[in-house]
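> below are the sequence and a predicted model; questions follow.
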Protein chains: 2
Amino acid sequence: MSAAPTQERERADARRNRERILCATARLVERVGIDGFSMDDVAAEAGVGKGTLYRRFGDKSSLIRALISEPEQAFQESLIRGAAPLGPGAAPDERLHAFGDGLLTFLDRHVVYMQSAERFGGVDRYNHPVYAFYRTHVALLLRQSLGDAANTDYLVDALLGPLGPEPFAYQRDGRGMSLDEIRAGWHTLCDAVLASPAQP
Amino acid sequence: MSAAPTQERERADARRNRERILCATARLVERVGIDGFSMDDVAAEAGVGKGTLYRRFGDKSSLIRALISEPEQAFQESLIRGAAPLGPGAAPDERLHAFGDGLLTFLDRHVVYMQSAERFGGVDRYNHPVYAFYRTHVALLLRQSLGDAANTDYLVDALLGPLGPEPFAYQRDGRGMSLDEIRAGWHTLCDAVLASPAQP
DNA sequence: AACGCAAACGGACTTCGGTCCACTTCCTCT
DNA sequence: AGAGGAAGTGGACCGAAGTCCGTTTGCGTT
């Protein structure tokens, strides 16, 4: 249980408390579910003050995100440096499909966190650095495959849209779709976009 | 300023207060912006108690939505009974494009409300009856145009995705796209989907 | 007219996220 | 070693959303 030390040197007590907080949060999530505890509960469980909590994690949303930051970073890493077809080395279309599959798998495991992370605080998916990252990645692949057709930027957002927590949760839990069905759907969309004629 | 009377008979005081509340809200929105007032402010401005506020509008999110319920219903109406190409009478593809244009126009005027409506309370776009309505509409048109290809349902969500408040606000305010650019983008997406080959 | 009661009212209260700031602790530099 | 100060800590405090429940009021009935 750890998160990236943002600074050069982290004071010992700070580090200790950060760990405590993350563990306490994880424990609480497991015990009472993600909506069953307040920030005071976290502080109490971790044995720290509320101020400490907020110093390290600006808001509840960030705290929850921090719980999945490791797998998230791992996924990003494998996009840049991982093996093909997720990483470099495969054709752009293949990589795009692999990206969708990967992200959907990730979502399937972590939606609960991502969704409730967004429900709190002002964290807007679209203004989160992670979105920018995915955006750049997909834009690159799409341009490699389509050339510089107009509206590529828009299509990137359109492809990324259904890979967000809310749509995913809706499809899986609300509409009862299986992960495979969702994947298949996204591939259809992806193929449609990849086959789209260049605009005038 | 009025909303649909849900019941057969509405008591006089109830009606009076409902109007007061809606007017007060509108006034506050204009005066201090949508985030500048609390529910207490609304109650005070309307001269009613907080309990009354919550009796009529379950939460802040609903209250704000109520402010745009008239134009929203008008739009829905014109989809069902309006003139072509928005209403019946035109080819499905045309109607679909008209739908996108219409909804984007609507969004351009009302995003602020829709977005902050979602920011509060538990209103989830996907579980709101309005989403179901749009969903059915688009599904019908898509099926008329594509036949019963697999994954039609998924494509409906994919088309509807970028027509949500968050993506729209992101594109318009965050990325600085013009309404026309957004429209053009959606048409591209729409054409791509309409041209998508039937899946096995 | 006045009775009765369901519906409507109102505001005190609870809960929770987030801020503030006086105090403490750790690290560095001499 | 120990002095100085930046970084870290903790909990009282605040604002706002949403609940609860005792009181009031409109309105059909007798």
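Looks like it arrived, so ask away. Numbers count the residues shown, from 1 in each chain, chains lettered A, B, ... in the order given.
> now do stretch A:110-120, average pLDDT.
Averaging pLDDT along stretch A:110-120 gives 89.
> mind listing residues that contact that stretch?
Stretch A:110-120 is contacted by residues A:34-35, A:59-62, A:64-65, A:67-68, A:71-72, A:107, A:123-125, A:165-166, A:168-169, A:172 when judged by C-beta atoms under 8 Å, 6 or more residues apart in numbering or on different chains. All C-beta atoms are positioned from the backbone trio N, CA, C, and that covers glycine.
> please repeat the previous calculation with a cut-off of 6 Å.
By C-beta atoms under 6 Å, 6 or more residues apart in numbering or on different chains, the residues outside stretch A:110-120 that reach it are A:34, A:60-61, A:64-65, A:67-68, A:165, A:168-169.
> okay, among those residues, which ones form the most distant pair?
Farthest-apart pair in those is A:Lys60 and A:Phe168; separation 21.2 Å (C-beta to C-beta).
> coming back round to it: which of the contacts of stretch A:110-120 lies closest to chain B?
A:Ala169 (8.0 Å; C-beta to the nearest C-beta).
> what kind of secondary structure is the closest one in?
Three-state call for A:Ala169 (DSSP: H, G, I helix; E, B strand; the rest coil): helix.
> tell me the contacts of it?
Contacts for A:Ala169 were tallied using C-beta under 6 Å, 6+ apart; they are A:111, A:115.
> now the contacts of stretch A:110-120 in JSON lines, with pLDDT?
Shown next, in JSON lines, are these (pLDDT from 0 to 100):
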{"residue": "A:Ile34", "pLDDT": "89"}
{"residue": "A:Lys60", "pLDDT": "93"}
{"residue": "A:Ser61", "pLDDT": "93"}
{"residue": "A:Ile64", "pLDDT": "94"}
{"residue": "A:Arg65", "pLDDT": "93"}
{"residue": "A:Leu67", "pLDDT": "93"}
{"residue": "A:Ile68", "pLDDT": "94"}
{"residue": "A:Pro165", "pLDDT": "95"}
{"residue": "A:Phe168", "pLDDT": "97"}
{"residue": "A:Ala169", "pLDDT": "96"}
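> what is the nearest of those to DNA strand C?
Closest approach to DNA strand C among the contacts of stretch A:110-120 (C-beta to the nearest atom of the strand): A:Lys60, at 3.7 Å.
> state the distance from that closest one to A:Gly164.
Per C-beta to C-beta, to the nearest Å, A:Lys60 is found 19 Å from A:Gly164.
> of the contacts of stretch A:110-120, closest to DNA strand D?
Closest to DNA strand D, out of all of the contacts of stretch A:110-120 and judged by C-beta to the nearest atom of the strand, is A:Lys60, at 12.3 Å.
> next, count neighbours for the closest one.
Neighbourhood size, A:Lys60 [other C-beta atoms under 10 Å in any protein chain shown]: 21.
> now A:Gly100
Neighbourhood size, A:Gly100 [other C-beta under 10 Å]: 22.
> what strand or helix carries it?
If you go by DSSP states H and E, A:Gly100 is part of helix A:92-119.
> right, and the helix or strand after that helix?
Per DSSP H and E, the first helix or strand lying C-terminal to helix A:92-119 is helix A:129-146.
> ok, now how distant is the most centrally placed residue in chain A from A:Ile64?
For chain A, the residue sitting closest to the mean C-alpha position, by C-alpha atoms, centre = their mean, is A:Glu72 at 6.0 Å. A:Glu72 sits 12 Å away from A:Ile64, going by C-beta to C-beta.
> list the buried ones in the helix or strand of chain A with the lowest mean pLDDT?
In chain A, the helix or strand scored least confidently by mean pLDDT, DSSP states H and E is helix A:12-32, which has a mean of 90. Within helix A:12-32, the residues scored as buried using 16 or more other C-beta atoms under 10 Å in any protein chain shown are A:17-18, A:20-22, A:24-25, A:28-29.
> which residues does stretch A:43-51 contact?
By C-beta under 6 Å, 6+ apart, the residues outside stretch A:43-51 that reach it are A:17, A:20-21, A:24, A:28, A:53.
> from those residues, list the ones also adjacent to chain B.
Counting by C-beta under 6 Å from any C-beta of the partner chain, nothing from these sits close to chain B.
> just the closest of the residues you listed to B:Leu86, please.
In terms of C-beta to C-beta, no member of the contacts of stretch A:43-51 lies closer to B:Leu86 than A:Leu28, at 50.2 Å.
> so what's the closest one up against?
Going by C-beta under 6 Å, 6+ apart, A:Leu28 touches A:37, A:45.
> mind running it again at 10 Å?
A:34, A:36-38, A:41-42, A:44-46 (C-beta atoms under 10 Å, 6 or more residues apart in numbering or on different chains).
> shouldn't A:Gly164 be in contact with A:Tyr131?
Yes: with contacts counted by C-beta atoms under 10 Å, A:Gly164 reaches A:Tyr131, the gap being 8.8 Å.
> ok, those two, which is more surrounded?
Remark: of A:Gly164 and A:Tyr131, A:Gly164 carries more neighbours, 23 against 16, as counted by other C-beta under 10 Å.
> leaving out sequence neighbours, find the closest residue to that one.
With sequence-adjacent residues excluded and distances taken as C-beta to C-beta, 6 or more residues apart in numbering or on different chains, A:Gly164 is closest to A:Arg125, at 5.8 Å.
> was I right to think that neighbour contacts A:Phe168?
No: with contact defined as C-beta under 10 Å, A:Arg125 does not count as touching A:Phe168 (11.6 Å).
> how about the residues of chain A by DNA strand D?
A:7, A:10-11, A:13-14, A:16-17, A:47-52, A:54-56 (C-beta under 7 Å from any atom of the strand).
> you'd agree A:Pro71 is up against A:Phe106?
Yes: using C-beta under 10 Å, A:Pro71 is in contact with A:Phe106, at 6.8 Å.
> quick one: which of the two has more around it?
A:Phe106 (18 against 12).
> let me know the secondary structure of the closest residue to that one other than its chain neighbours.
Ranked by C-beta to C-beta, 6+ apart and with sequence neighbours excluded, the top spatial neighbour of A:Phe106 is A:Phe75, at 5.6 Å. For A:Phe75, the secondary-structure state derived from three-state DSSP is helix.
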